[in-house]
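**Q** could you look at this predicted model? Sequence included:
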Amino acid sequence: ISCEDAGASPDVSAETNTRAIQEALNGGGLVTLTKPGTYRVTADSLTYASTTKFMVGPGVKFSVGGVIKPLRSLAPVVTGPKTYARIPQHRALREFYTTQDVTNSATGGTVTASIDTASPMGGTALKLAFGAGVTQHDLTISGFSLPNFTAGTAKIVVVMYFDDARGMSQIQGFYGTTGFSPSLQATYAIANNNIYNASKTHIFSIHPNAASVTNTLATTDTVAAVRLRFQRSGSASTGNMIIGAGTAPSAYAMNCWIKGFYIVERSLPFVVLTFDDASRSWVDYVRPALLQRNLRVTFGVNKNDVGTNNALFVTSSQLSDLYNDGNDLSSHNLTNTAFTPATITNYLDEYRQCRDWMYTNGWTRRLDYHPWVQGTHNPDICDAMQNEGVKYARTVNPKNFESAGMYDGYMMMPVLQFGNAMSLAQATARVDQAITRQQDVICMGHSIAATSSDTITWSNDNWKGFLDACIKKRDAGQIAGIGSMTDYINYRKRLVTSYF
């Protein structure tokens, strides 16, 4: 029996859909609902016999009281009320199979909005085609109600994809009451900064700790709308995000796909430990603390420093010891030379030489991870590194990481940096923030010493104190764990193959 034949449709009322689906279920046997779209219904449970099988097709979503809920196929089922099964780890606030409750408004040119059933992310997404001349575009979604939203995790995650991020300067994200007064605003910098400079998948997380202006929402307010304001500068492009000879982002045609807006459900944070370069302190301070606590880290190695000065840098033998302890080793190139568009060939050559040296030494665990040298990257080097097999790359952007970005690799992981600008109290506060916002913390260290003497050197007391604080939170069930990039990826992959 087809629910559509009984009258169910994305275009009819909640009462009509509920009646049509219930009538189909009352007929027993195999009941199907396969036409993609959002079906409004009056409640999130239905009653049917144990002999009935209810098969829900791909792209079918239900909206209950304005909240969209993704469903799994419900077969076999049991007698009595049945609550629809949700995909783990997230709740879809809005996915795009139609443009219902979606408003688009462009300034300075034309943005064509359409539903793309074969998006680069796989499946259906909202496609925004930005024409030359567009300086700003507002995308607003409504038709939902989130009471007391900022009293909890207060986080909305947007999953996007850019064919060329050089054409987007930044995005301002808002959520608030109808009319956005009061509201919260966060800014996601792309081509106008050196933070999120890759193309393809982007994860924008809007929450109070990311607010770029004063949050005027009270914890008792009901959030009923979300807006993305895409902004494209009219000034000439420069630096790593230069377009041609300097074409302005607003003069550049490009495309953006939006998979959806999500509320990530309970997911324990993970604290990831990474170190860069080749400091001797990895042997003197880092390793003893790890062995004592049965922890592991990921070391990004500059090959040309290894074995050149035993008082300053590790040797190949010491790297083997670290690897055999269970720590990861990855290519951080030959030297500490940052990428520029003019030196992309040299950067790739340095990466390959270091990586191939690691293969020769049998250090093969986590060679799909790369810490960008000095954090610098752009769409071209990201694509080139992915061609080399890199799936995970880390920047120097000082933020916590939205774990939703782990579902199929991510090239712009942000960091918590160990050094004299980060006290132990500040570092543990970042972990506490991650617990509140259900995010992960990717730590970046370079050198450990007796004192925190400079921006890349952290004191041994801070290092050990941070490990102990995280272990305490792990044992209390506040975080899932602390460890290497391999530990982290294994944890996330166990939870779910794909969040979105």
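**A** Received it, and whenever you're ready, just let me know what you need.

**Q** tell me how many other residues crowd A469.
**A** 18 (other C-beta atoms under 10 Å). Using the backbone N, CA and C atoms, a C-beta is placed for each residue, glycine as well.

**Q** and it, helix, strand or coil?
**A** helix (DSSP: H, G, I helix; E, B strand; the rest coil).

**Q** so what's T140 up against?
**A** Neighbouring residues of T140 by C-beta atoms under 8 Å, 6 or more residues apart in numbering: 102-105, 225-228.

**Q** so R474 is in which element?
**A** Element membership for R474 (DSSP states H and E) is helix 460-475.

**Q** sheet partners, orientation included, of the next helix or strand after that helix?
**A** On the C-terminal side of helix 460-475, the nearest following helix or strand under DSSP H and E is strand 481-483. Strand 481-483 has its sheet partners listed here by DSSP bridges as strand 270-277 (parallel).

**Q** gap between stretch 447-463 and the chain center?
**A** 30 Å (C-alpha atoms, centre = their mean, to the nearest Å).

**Q** and if you look at stretch 463-477?
**A** 24 Å.

**Q** go on, stretch 128-141?
**A** Counting by C-alpha atoms, centre = their mean, stretch 128-141 is centred 23 Å from the centre of its parent chain.

**Q** mean confidence for it?
**A** Average pLDDT, stretch 128-141: 96.

**Q** can you check stretch 256-272 too?
**A** 89.

**Q** any buried residues in that stretch, and which?
**A** Going by neighbour count (16 or more other C-beta atoms under 10 Å), the buried part of stretch 256-272 is 256-264, 267-272.

**Q** how about A210, nearest residue that isn't a chain neighbour?
**A** Among residues not flanking A210 along the chain, A186 sits closest, at 4.1 Å (C-beta to C-beta, 6 or more residues apart in numbering).

**Q** show me what the strand or helix carrying the one you found is packed against.
**A** Using DSSP H and E, A186 falls within strand 183-189. Using 3 or more C-beta pairs under 8 Å, 6 or more residues apart in numbering; DSSP states H and E as the contact criterion, the elements in contact with strand 183-189 are strand 170-176, strand 200-206.

**Q** lowest average pLDDT across the ones you listed?
**A** Of all these, mean pLDDT reaches its minimum on strand 200-206 (a mean of 93).

**Q** so who does V271 touch?
**A** Contacts of V271 by C-beta under 8 Å, 6+ apart are 431, 434, 440-441, 443, 470, 479, 481-483.

**Q** does it have beta-bridge partners, and which?
**A** V441, I482.

**Q** shift numbering so it begins at 395
**A** With the count now opening at 395, the last piece we talked about shows up as V665.

**Q** roughly how far apart are it and I589?
**A** Separation of V665 from I589 (C-beta to C-beta, to the nearest Å) stands at 21 Å.

**Q** same thing with L424?
**A** 51 Å.

**Q** likewise A618?
**A** For A618, the distance to I589 equals 30 Å [C-beta to C-beta].

**Q** coming back round to it: who's more crowded, L424 and I589?
**A** Under the criterion of other C-beta under 10 Å, the comparison of L424 against I589 puts I589 first, with 18 against 13.

**Q** dihedrals phi and psi, that one?
**A** Phi and psi for I589, reported as degrees, to the nearest 10, are phi -100, psi -60.

**Q** now for the longest strand anywhere in the chain, which elements pack on it?
**A** Criterion DSSP state E: the longest strand present in the chain is strand 648-658. Judged by 3+ C-beta pairs under 8 Å, 6+ apart, strand 648-658 is in contact with strand 484-489, strand 519-524, strand 550-556, strand 619-625.

**Q** and the spatially closest residue to M562 that is not a sequence neighbour, how far from P514?
**A** Setting aside the residues directly before and after it, M562 is nearest to I584 in space (C-beta to C-beta, 6+ apart), at 4.8 Å. Distance of I584 to P514, given as C-beta to C-beta: 17 Å.

**Q** neighbour-wise, which of the two wins?
**A** I584 (25 against 16).

**Q** list the beta-bridge partners for the residue nearest to I600 when sequence neighbours are not counted.
**A** Take I600 and drop its neighbours on the chain: the residue closest to it by C-beta to C-beta, 6+ apart is G567, 4.2 Å away. For G567, the beta-bridge partners are A580, L622 (DSSP bridges).

**Q** now do the same contact list for G567.
**A** So G567 contacts 550, 552, 579-582, 598, 600, 620-623 (C-beta under 8 Å, 6+ apart).

**Q** now do the contacts for T432.
**A** Contacts of T432 (C-beta under 8 Å, 6+ apart): 404, 455-457, 462, 489, 491-492, 494.

**Q** which outside residues touch the strand holding A580?
**A** By C-beta under 8 Å, 6+ apart, strand 577-583 touches 544, 548, 563-571, 589-590, 596, 598-602, 604-607, 609-611.

**Q** ok so, going back, just the buried residues of the contacts of T432.
**A** Neighbour counting by 16+ other C-beta under 10 Å classes 404, 455-457, 462, 489, 491, 494 among those as buried.

**Q** flag every buried residue along stretch 696-716.
**A** Result for stretch 696-716 [16+ other C-beta under 10 Å]: buried residues 696-700, 707-709, 712-713, 716.

**Q** typo on my end, it should be stretch 823-838
**A** So for stretch 823-838, counting by 16+ other C-beta under 10 Å, buried means 824-825, 827-829, 831-838.

**Q** so what's the closest residue to S539 other than its chain neighbours up against?
**A** Spatial nearest neighbour of S539, excluding adjacent residues (C-beta to C-beta, 6+ apart): G460 at 5.0 Å. Shown in contact with G460 (C-beta under 8 Å, 6+ apart): 537-539.

**Q** how close does G460 sit to K866?
**A** Taking C-beta to C-beta, one finds G460 at 41 Å from K866.

**Q** now D762
**A** Relative to K866, D762 is positioned 31 Å away (C-beta to C-beta).

**Q** those two: who's more crowded?
**A** Between D762 and K866, counting by other C-beta under 10 Å, D762 is the more crowded of the two (17 against 12).

**Q** ok so M752 is a strand residue?
**A** No: counting by three-state DSSP, M752 falls outside a strand, being helix.

**Q** what's around it, how many residues?
**A** Using other C-beta under 10 Å, M752 has 21 neighbouring residues.

**Q** show the pLDDT at the spatially closest residue to it that is not a sequence neighbour.
**A** Leaving aside its chain neighbours, M752 sits nearest to L723 (5.9 Å; criterion: C-beta to C-beta, 6+ apart). Per-residue confidence (pLDDT) for L723: 98.

**Q** element containing L723, please.
**A** Per DSSP H and E, L723 falls inside strand 722-725.

**Q** any chance you could list what contacts that strand?
**A** Taking C-beta under 8 Å, 6+ apart as the rule, strand 722-725 contacts 690-695, 697, 713, 716-717, 745, 748-749, 752, 757, 759-761, 763-765, 878-880.

**Q** now those: which count as buried?
**A** Buried subset of the contacts of strand 722-725 (neighbour count, 16+ other C-beta under 10 Å): 690-695, 697, 713, 716-717, 745, 748-749, 752, 757, 759-761, 763-765, 878-880.

**Q** let's see which of these end up in helices.
**A** 713, 716-717, 745, 748-749, 752, 879-880 (DSSP state H).

**Q** for A630, state which of those is nearest.
**A** Y745 (30.0 Å; C-beta to C-beta).

**Q** what sits against that closest one?
**A** The contact partners of Y745, by C-beta under 8 Å, 6+ apart, come to 725, 727, 764, 779, 782.

**Q** ok so the second one is a helix residue?
**A** Going back to what we said before, that points to N727. No: under three-state DSSP, N727 falls outside any helix and is assigned coil.

**Q** I appreciate the help and will end here.
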